[in-house]
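Enquirer: Give me coordinates for this.
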Amino acid sequence: MNTETQKPGGRIITEHHGPVTVLKFDYPERRNALSMPIRELLSEALKAAIADENCRAIVLTGEGAHFSSGGDISSFDNLTAISGRRRMRKTHDLIVETMIACEKPIIAAVEGHAAGAGMCVAANCDIAIAAEGAKFTCSFNKIGLLPDLGGLWSIPQRVGLGRAKLLMMTGRMIDAKTALSYGLVEEVCEDGKALETAIALGQEIAQTAPLSNGFTKNVLARGPLTLEELLDAETDMQGLLFGSEDFREGRDAFMEKRKPQFKGR
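Expert: Model (predicted):
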């Protein structure tokens, strides 16, 4: 079942593939630019998917030929220092913190261009799939801005500090093969197959214990930790998982040589 929410400036299409929820940006006039209406609608769709007990993984993609051309530059005309700062704070509250803090795995399916803010959103996802013809560029400095939508946090974690500086300070475009070698994406597939590949990956993830995945994502999202901090988090979360129904089901299924039926409890 597909649904859509729409405002002037774009829409979000929601598709349900069993335990995998697909969210598509759709703003064809601007190659799926992340307008403020798109950001608001995406926030609502993300929160709905996170709250859906039947959803085990989320896929983000663009409708049509491109993932996203980035920010909607046509809406920048009347921005001031104060209104621009408010715009960014709102975006962080709407999208970035939700994506990184939520405990459901999020997969990017990239066809065509993932430029500027579009590249940052893809990097914020837990796993990124790119079609062979996909292109990535972090070209904020070509309009006098710096990377946003969490890209300054997520891109260096993926590609390392040196390569992050290279991409951000040159604004150069890289192809999917290079993005894979850098660690910006985890898998490259045939053109036109990114969404299919991402859904299949989501289905694979959905067969595993959702609490385990959520807790793992929670710890990793905290960024670099000292050994002591990491071991404390590991101790606390593993202790909680030992008390879960899913752990008992996983243990019993292993001993009985059958497939486990996890419920997220």
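Enquirer: quick one, what contacts residue 106?
Expert: Neighbouring residues of residue 106 by CB atoms under 8 Å, 6 or more residues apart in numbering: 57-60, 99, 124-127. For glycine as for every other residue, the C-beta is placed from the backbone atoms N, C-alpha and C.
Enquirer: Okay, and which of those residues map to helices?
Expert: 99, 124 (DSSP state H).
Enquirer: Make a ChimeraX selection of the buried ones in the contacts of residue 106.
Expert: Buried members of the contacts of residue 106, defined by 16 or more other CB atoms under 10 Å, are picked up in ChimeraX with:
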select :57,58,59,60,99,124,125,126,127
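Enquirer: and the contacts of residue 106 as a markdown table, adding distance to residue 142 and pLDDT?
Expert: Formatted as a markdown table, the contacts of residue 106 follow (distance: CB to CB, whole Å; pLDDT from 0 to 100):
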| residue | distance to residue 142 | pLDDT |
| --- | --- | --- |
| 57 | 34 | 97 |
| 58 | 31 | 98 |
| 59 | 29 | 98 |
| 60 | 24 | 98 |
| 99 | 25 | 93 |
| 124 | 21 | 96 |
| 125 | 24 | 97 |
| 126 | 29 | 97 |
| 127 | 28 | 98 |
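Enquirer: quick check, nearest of the contacts of residue 106 to residue 146?
Expert: Lowest distance from residue 146 to these (CB to CB) belongs to residue 124, with 16.0 Å.
Enquirer: Which two of the contacts of residue 106 have the greatest separation?
Expert: 57 and 124 (15.2 Å).
Enquirer: Take the contacts of residue 106 and lay them out in JSON lines including distance to residue 253.
Expert: Shown next, in JSON lines, are these (distance: CB to CB, whole Å):
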{"residue": "57", "distance to residue 253": "20"}
{"residue": "58", "distance to residue 253": "26"}
{"residue": "59", "distance to residue 253": "27"}
{"residue": "60", "distance to residue 253": "31"}
{"residue": "99", "distance to residue 253": "31"}
{"residue": "124", "distance to residue 253": "33"}
{"residue": "125", "distance to residue 253": "29"}
{"residue": "126", "distance to residue 253": "25"}
{"residue": "127", "distance to residue 253": "25"}
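Enquirer: What sits closest to the one residue sitting closest to the centre of the chain if chain neighbours are left out?
Expert: The residue lying closest to the centre of the chain (CA atoms, centre = their mean) is residue 125, at 2.3 Å. Nearest residue to residue 125 in three dimensions, chain neighbours excluded: residue 108, at 3.9 Å (CB to CB, 6 or more residues apart in numbering).
Enquirer: hey, what's the one you found bridged with?
Expert: With DSSP bridges as the criterion, residue 108 is bridged to residue 60, residue 128.
Enquirer: returning to what we had before: quickly name whichever of the contacts of residue 106 is closest to residue 164.
Expert: Checking those one by one against residue 164 (CB to CB), the nearest turns out to be residue 124, at 13.8 Å.
Enquirer: And the closest one, how far from residue 225?
Expert: 20 Å (CB to CB, to the nearest Å).
Enquirer: what's around residue 147, how many residues?
Expert: For residue 147, the neighbour count with other CB atoms under 10 Å is 23.
Enquirer: er, residue 146 I mean
Expert: Neighbours around residue 146, by other CB under 10 Å: 10.
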